[in-house]
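J.: Sequence and predicted model, in that order:
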Amino acid sequence: AQSVSQHNHHVILSEAASLELGCNYSYGGTVNLFWYVQYPGQHLQLLLKYFSGDPLVKGIKGFEAEFIKSKFSFNLRKPSVQWSDTAEYFCAVIPVERNNRLAFGKGNQVVVIP
Amino acid sequence: ETGVTQTPRHLVMGMTNKKSLKCEQHLGHNAMYWYKQSAKKPLELMFVYNFKEQTENNSVPSRFSPECPNSSHLFLHLHTLQPEDSALYLCASSQDTGTGTYEQYFGPGTRLTVT
């Protein structure tokens, strides 16, 4: 079964700092990749996704992620965070051949200090 | 109301009780999902329904019994649960399961405590 690894589960940074969250997955076949975000008191919602094409994808609120196939990675970045980016961020992977099975990482709790 | 709704939002039950969780989606989707979110663990997929048919059971114990009477409603029937079943249970929906490209929309979850 595929697994998704997210490190640095708790991240604290100041406004205007840059953010990078790592995501690695263990599956050898073709995958679809997602980052979901959960703001305090809100539902999980999609931040961005990658299926094919340009490996650098842009999502909402200035976030972007880069798929590096050789490294089985899909890291999330934002050049300059805001207090409103305080949230929990989840990487998720679904093998194309097993389109039912979306697998999530443990999440990164990000706190942005004003 | 729009999106995915779940009731109840909080539930406390004894190990001998029988209760049900309800999920309703107002998005016209054809696939619905149950997930379990425990502390310090990744979100775990439990069940998948696509066009009312169960297409995935991720080795879930039989004390959890899903029901999908139509594409808009999903239930999770609970009986003789264990304390380790205490968790946040999330429901999600998507257009269908397709090739795994459809975004899943999540509900707010039911916080379940088994005493």
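T.: Looks like it arrived, so ask away.

J.: what's the nearest residue to A:His7 if we skip its chain neighbours?
T.: A:Gly22 (5.3 Å; CB to CB, 6 or more residues apart in numbering or on different chains). (C-beta placed from N, C-alpha, C; glycine too.)

J.: ok, the one you found touching A:Gln6?
T.: Yes: counting by CB atoms under 8 Å, A:Gln6 is a contact partner of A:Gly22 at 6.6 Å.

J.: Neighbour count for these two, which is higher?
T.: Using other CB atoms under 10 Å in any protein chain shown, the more surrounded residue of A:Gly22 and A:Gln6 is A:Gln6, with 20 against 16.

J.: ok, that one touching A:Trp35?
T.: No: with contacts counted by CB under 8 Å, A:Gln6 stays clear of A:Trp35, the gap being 10.1 Å.

J.: shared neighbours of these two, which are they?
T.: Taking CB atoms under 8 Å, 6 or more residues apart in numbering or on different chains as the criterion, A:Gln6 and A:Trp35 both touch A:23, A:89-91.

J.: In helices, which of those residues fall?
T.: Among the shared contacts of A:Gln6 and A:Trp35, no residue falls in helices (DSSP state H).

J.: what's the residue nearest to A:His7 in contact with, if anything?
T.: The contact partners of A:Gly22, by CB under 8 Å, 6+ apart, come to A:5-8, A:73, A:75.

J.: Pull the most distant pair out of these.
T.: A:Asn8 and A:Ser73 (14.0 Å; CB to CB).

J.: which of the two has more neighbours?
T.: Between A:Asn8 and A:Ser73, counting by other CB under 10 Å, A:Ser73 is the more crowded of the two (17 against 11).

J.: Next up, phi/psi of that one, please.
T.: phi -130, psi 160 (degrees, to the nearest 10).

J.: Just the pLDDT for it.
T.: In the predicted model, A:Ser73 carries a pLDDT score of 96.

J.: B:Glu1 too?
T.: We note a pLDDT of 50 for B:Glu1 in this prediction.

J.: Sounds good, over and out.
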